[in-house]
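>>> predicted model and sequence below, questions to follow.
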Amino acid sequence: MNKPKAFTLIELLVVIAILAILAAILFPVFTKAKQAAKNSVELSQARQIGMALSIYLTDYDDVMPIFYAYNSFPPAGSPGHKGVEVLLGPYTKSTGLFKSPNDRGGPYTSLDVPGTDTYWKAYGSSYRFTRCLFTSVSGESTQNNVPLTDDWTVTTTAIEFPAESRAMRLEMFPFFSRSEDPGCARYGYDCDSPYNYYQQWSPTGGSIVFVDGHAKFVVSAGTFDDTRIDMFGHKSGESHPTSWSGTWYGVCD
């Protein structure tokens with residue numbers, strides 16, 4: 001009887017080469033599929049937050065919540081922590097809804113709030129709330145734990161374009177990077193140390209929630225700049241003479 005013939009070294013190398021080629025082809029596909037799934041979950045969460053905002057507005061006579069941002073004293077999740085997500089908590093049923101699956105924190109986050117690796121852990125939200133579209137109360141509204149001195153009340157009836165006005169956005173967009181925003185002059189994220197805030201989250205884009213409650217996944221700077229950012233309908237990318245960015249983004253975002 002003939003003995004079974006073993007694989008030769010050449011045959012084994014051919015098999016290994018084929019497997020390596022298949023892995024090289026399939027790995028990017030799997031990576032894209034995984035990222036697409038994260039983006040889908042994030043958009044679903046954004047839509048739920050938009051619904052919660054709509055219900056909140058019904059209960060509070062169409063008055064937008066009080067603005068808070070980037071507060072860490074007390075820490076996120078602790079009693080006394082101030083954040084828009086806390087005000088919307090009874091309507092979302094969980095502040096965990098404000099944690100984007102894309103949230104990877106940023107270089108400054110761990111310096112500002114040691115031991116944190118996401119914006120959600122540091123400040124309670126992976127999303128930035130648009131300052132000009134929320135109610136500001138002097139001495140009560142706070143950002144980075146510092147009380148603000150502005151007073152204004154925002155009602156949805158006073159907002160000229162609610163379906164185009166972004167109430168909140170994902171903290172990090174890919175076009176905030178230095179390659180697309182040299183000198184961090186337009187968006188103020190990918191700056192020199194120690195004020196470097198940029199970390200790529202999703203390589204494709206991020207979610208925006210609009211005042212009317214709907215949500216959209218935005219993939220371009222042009223679409224982002226075209227969203228409206230205050231009661232009077234100014235667009236984020238519209239020119240502003242005294243803004244640090246030269247646009248309404250620098251005033252209201």
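Now that the structure is in, tell me what you want to look at.
>>> contacts only, for residue 131.
Shown in contact with residue 131 (C-beta atoms under 8 Å, 6 or more residues apart in numbering): 67, 69, 143, 252-253. The way it works is simple: take the backbone N, C-alpha and C, and place the C-beta from them, glycine included.
>>> and those, which of them are in strands?
Secondary structure assignment by DSSP state E places 69, 143 of the contacts of residue 131 in strands.
>>> quick one: the contacts of residue 131 as a markdown table, columns for pLDDT too.
Shown next, in a markdown table, are the contacts of residue 131 (pLDDT from 0 to 100):
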| residue | pLDDT |
| --- | --- |
| 67 | 98 |
| 69 | 96 |
| 143 | 96 |
| 252 | 97 |
| 253 | 95 |
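>>> elements contacting the longest helix anywhere in the chain?
Counting by DSSP state H, the longest helix found in the chain is helix 9-59. Packing partners of helix 9-59 (3 or more C-beta pairs under 8 Å, 6 or more residues apart in numbering; DSSP states H and E): helix 84-92, strand 166-170, strand 206-210, strand 215-218.
>>> save these as a markdown table, and put in mean pLDDT too.
What follows is the helices and strands packed on helix 9-59, written out as a markdown table (pLDDT from 0 to 100):
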| stretch | mean pLDDT |
| --- | --- |
| helix 84-92 | 96 |
| strand 166-170 | 98 |
| strand 206-210 | 98 |
| strand 215-218 | 98 |
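>>> residue 187 contacts residue 246, correct?
No: counting by C-beta atoms under 8 Å, residue 187 sits too far from residue 246 to count as a contact (11.5 Å).
>>> could you measure residue 77 against residue 154, distance?
27 Å (C-beta to C-beta, to the nearest Å).
>>> quick check: which ranges of the protein have low pLDDT?
Low-confidence segments of the chain, defined by pLDDT under 70: 1-7, 26-27, 29-30.
>>> center of it - which residue?
residue 170 (1.3 Å; C-alpha atoms, centre = their mean).
>>> return the residues in contact with it.
42, 100, 102, 126-128, 201-202, 206-208.
>>> tell me the one among the residues you listed nearest to residue 241.
Lowest distance from residue 241 to those (C-beta to C-beta) belongs to residue 128, with 23.7 Å.
>>> where does the closest one sit: helix, strand or coil?
strand (DSSP: H, G, I helix; E, B strand; the rest coil).
>>> wait, what's in contact with it?
Contacts of residue 128 (C-beta under 8 Å, 6+ apart): 69, 168-171, 253.
>>> chain center to stretch 172-179, what's the gap?
For stretch 172-179, the distance from its own C-alpha centre to the chain's C-alpha centre is 12 Å (C-alpha atoms, centre = their mean, to the nearest Å).
>>> cool, and stretch 121-141?
13 Å.
>>> could you dump the contacts of residue 128 to CSV with distance to residue 20?
As requested, the contacts of residue 128 are arranged in CSV below (distance: C-beta to C-beta, whole Å):
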residue, distance to residue 20
69, 48
168, 44
169, 41
170, 36
171, 38
253, 46
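>>> now, the most widely separated pair of those?
69 and 170, at 14.2 Å, using C-beta to C-beta across the contacts of residue 128.
>>> if we can go back for a sec, now do the longest helix of the chain and helix 84-92, the angle between them.
80 degrees (axes from the mean of the first three to the mean of the last three C-alpha atoms, to 10 degrees).
>>> on that earlier part again, of the contacts of residue 170, which pair is most distant in space?
Going by C-beta to C-beta, the pair spanning these furthest: 128 and 202, at 14.9 Å.
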